[in-house]
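*Asks:* I need the structure of the sequence given here:
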Amino acid sequence: MLTALYDAVLDPALWPDAWAQATAAGGSAPMVVVADGGTPLPLAASGWNRHTVVTGMGGPPRPAPAEAGALDRSGTIRLNQHLRRAIRLRARLAAAQTVQAASAAALQAADTGVVLLSSGGRLMHADATALRLSGSVGLQLHARSGGVTTPDPAATNYLHTLLHDAAAGGSGGDMLMRGADGSAVAVAVCPLPRPETEAPNGSATPVMLTLRRLVQAPVCPRRLSALFGLTRA
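*Replies:* Numbering: from 1, shown residues only. I've put the predicted structure just below:
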């Protein structure tokens, strides 16, 4: 039963079955119920026994299994502790997932693309902006074989030099790539920062590439005249 309960913490679709088992095991002792949205609510004991229909988070109501037996008082107290802990864990995970989704949406909306490569050059992540910008200048991200290449062998060699330097703990570097339509994309290569709790061990470091389209700012004749003292003549 506890396995089902903590599995439901990770997968909300399993909550109905987990609650059915928990409430059936609780018998006539006081239980804690989760309402819609994950709010814990105390409920009278008489309404929650093995015949109760459980409305858990993430799915339709499920009847409690008839064969489940009730726990004694000490067992029910321990069960309540696990239920409360599961509620708190689920709430923390839900909050973290909300923040993660918002962060991902913000990155997708940004005009800077991000590519993550493993220390061995394997493609781990590329957001939509990175895929769009890399395609505009012919930068090829090889998901299966790994690595990054360009149509120009010299540019590919220089890019690989930057990647190897960053993977070895160096600062990496940047380069400019141009597309057939004249568009320009700045590519910056740098090592991924290690977690503060991880000590350097001499191993290769994952690498991050950032891609940003360069847009030429429009020239304002009036400002040029003011800066350089130009006249109409």
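
*Asks:* can you pull out the helices in this structure?
*Replies:* With DSSP state H as the criterion, the chain has helices at 2-10, 15-26, 73-109, 128-137, 153-167, 221-228.

*Asks:* in CSV, list these along with mean pLDDT, distance to Pro193 and mean neighbour count.
*Replies:* Backbone N, C-alpha and C define where each C-beta goes, glycine included. CSV is the format used below for the helices of the chain (pLDDT from 0 to 100; distance: least, C-beta to C-beta, whole Å; neighbours: other C-beta atoms under 10 Å):
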stretch, mean pLDDT, distance to Pro193, mean neighbour count
helix 2-10, 81, 28, 16
helix 15-26, 72, 37, 24
helix 73-109, 79, 16, 13
helix 128-137, 90, 19, 18
helix 153-167, 93, 11, 17
helix 221-228, 73, 40, 9
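
*Asks:* okay, the ones you listed in TSV with distance to Thr205 next?
*Replies:* Formatted as TSV, those follow (distance: least, C-beta to C-beta, whole Å):
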stretch	distance to Thr205
helix 2-10	31
helix 15-26	41
helix 73-109	21
helix 128-137	19
helix 153-167	6
helix 221-228	44
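
*Asks:* quick check: which of those helices is nearest to Gly179?
*Replies:* helix 128-137 (4.3 Å; C-beta to C-beta).

*Asks:* neighbouring contacts of the closest one?
*Replies:* Contact with helix 128-137 is made by 107-108, 110-115, 126, 139-141, 150, 177-179, 181, 183-185, 209, 211-213, as judged by C-beta atoms under 8 Å, 6 or more residues apart in numbering.

*Asks:* next, the angle from it to helix 153-167.
*Replies:* Calculated by axes from the mean of the first three to the mean of the last three C-alpha atoms, to 10 degrees, helix 128-137 forms an angle of 150 degrees with helix 153-167.

*Asks:* how big is the angle separating helix 128-137 from helix 73-109?
*Replies:* 30 degrees.

*Asks:* could you export helix 128-137 as PDB, CA atoms only?
*Replies:* What follows is helix 128-137, C-alpha atoms only, in PDB (Å, rounded to 0.1, in the frame of the first residue of the first chain):
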ATOM      1  CA  ALA A 128      13.200  25.500 -30.800                       C
ATOM      2  CA  THR A 129      15.100  28.800 -31.300                       C
ATOM      3  CA  ALA A 130      18.400  27.000 -31.600                       C
ATOM      4  CA  LEU A 131      17.000  24.600 -34.300                       C
ATOM      5  CA  ARG A 132      15.600  27.600 -36.200                       C
ATOM      6  CA  LEU A 133      18.800  29.600 -36.100                       C
ATOM      7  CA  SER A 134      21.100  26.700 -36.800                       C
ATOM      8  CA  GLY A 135      19.100  25.800 -39.900                       C
ATOM      9  CA  SER A 136      19.300  29.400 -41.200                       C
ATOM     10  CA  VAL A 137      23.100  29.300 -41.300                       C
END
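
*Asks:* among the helices of the chain, which is nearest Arg122?
*Replies:* Going by C-beta to C-beta, the one of the helices of the chain nearest Arg122 is helix 153-167, 11.4 Å.

*Asks:* between the helices of the chain, which one is nearest to Gly120?
*Replies:* Closest among the helices of the chain, using C-beta to C-beta: helix 153-167, at 8.3 Å.

*Asks:* which other residues reach that closest one?
*Replies:* 117, 119, 121, 148-150, 171-175, 177, 187, 189-191, 204-207.

*Asks:* buried subset of the residues you listed?
*Replies:* 117, 121, 148-150, 172-173, 177, 187, 189-191, 205-207 (16 or more other C-beta atoms under 10 Å).

*Asks:* show me which of the residues you listed is closest to Arg222.
*Replies:* Nearest to Arg222 among the buried ones among the contacts of helix 153-167, with distances taken as C-beta to C-beta, is Met177, at 33.7 Å.
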